[in-house]
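Novice: Here's my sequence, what's the structure:
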Amino acid sequence: MDWLSHILINNLVFKELPLEKRWWAIAFGVAPDIASFFGIYRMEFFKKMLFFKKIPASFVPGWVVKAYNVAHSVPLWLVIFLSLWLAGWRLAAVVWCGWLVHIALDIFTHGAESVTQTRPLWPLSKWYYAGFVWSTKKFLLIQYAILALLYLIFF
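Specialist: Model prediction:
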């Protein structure tokens with residue numbers, strides 16, 4: 001899913017938190033993609049994303065796929081969450097859930113044709129759900145229409 005969608009959805013999910021704390025959840029909600037793709041964003045990559053073109057696998061080096069698997073792993077997320085919670089940093093554990101929201105969204109929006117499939121049980125399993133492809137015009141139109149409606153209702 002695109003960064004703006006992750007930002008808007010995490011803002012909705014954590015709307016009850018005060019803004020200064022909600023920003024942390026929103027930042028964690030975008031962080032998995034920043035951690036995964038940092039360094040490969042270049043003009044051709046952005047052009048393809050902006051014009052809904054398939055991103056060739058040649059744009060994505062092997063280390064990015066490995067970083068993506070690490071950043072989108074629920075077991076690894078859980079280790080950090082439990083560490084924060086058991087250390088008594090409950091608020092940090094709550095805003096860390098923004099990262100989990102990101103993973104959950106990507107499970108269903110990275111289809112089999114995606115450059116990266118979200119493997120939420122990595123390294124325990126290579127399973128992934130061949131869901132929707134978020135970068136299609138139809139999906140984005142429906143998704144942003146739903147988000148606009150939700151923002152009208154909740155804000």
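Novice: what helix or strand does Ile26 sit in?
Specialist: helix 19-37 (DSSP states H and E).
Novice: Give me the residues contacting that helix.
Specialist: Applying CB atoms under 8 Å, 6 or more residues apart in numbering, the contact partners of helix 19-37 are 3, 6-7, 9-11, 13-15, 17, 64, 67-68, 70-72, 91, 94-99, 101-103, 106, 116. In this view, the C-beta of every residue, glycine as well, is placed from N, C-alpha and C.
Novice: Next step: those residues restricted to helices.
Specialist: The members of the contacts of helix 19-37 that map onto helices under DSSP state H are 3, 6-7, 9-11, 13, 64, 67-68, 70-71, 91, 94-99, 101-103, 106.
Novice: ok, of the residues you listed, which come out buried?
Specialist: Neighbour counting with 16 or more other CB atoms under 10 Å marks 6, 9-11, 13, 64, 67-68, 71, 94-99, 101-103, 106 as buried within the ones in helices among the contacts of helix 19-37.
Novice: Show the contacting residues for the residue minimising distance to the centre of the chain.
Specialist: Closest residue to the average C-alpha location of the chain: His102 at 3.3 Å, with CA atoms, centre = their mean. Taking CB under 8 Å, 6+ apart as the definition of contact, the neighbours of His102 are 6, 10, 28-33, 72.
Novice: Distance of it relative to Gly29?
Specialist: 5 Å (CB to CB, to the nearest Å).
Novice: again, but for Lys137
Specialist: Applying CB to CB, one obtains 24 Å for the distance of Lys137 from Gly29.
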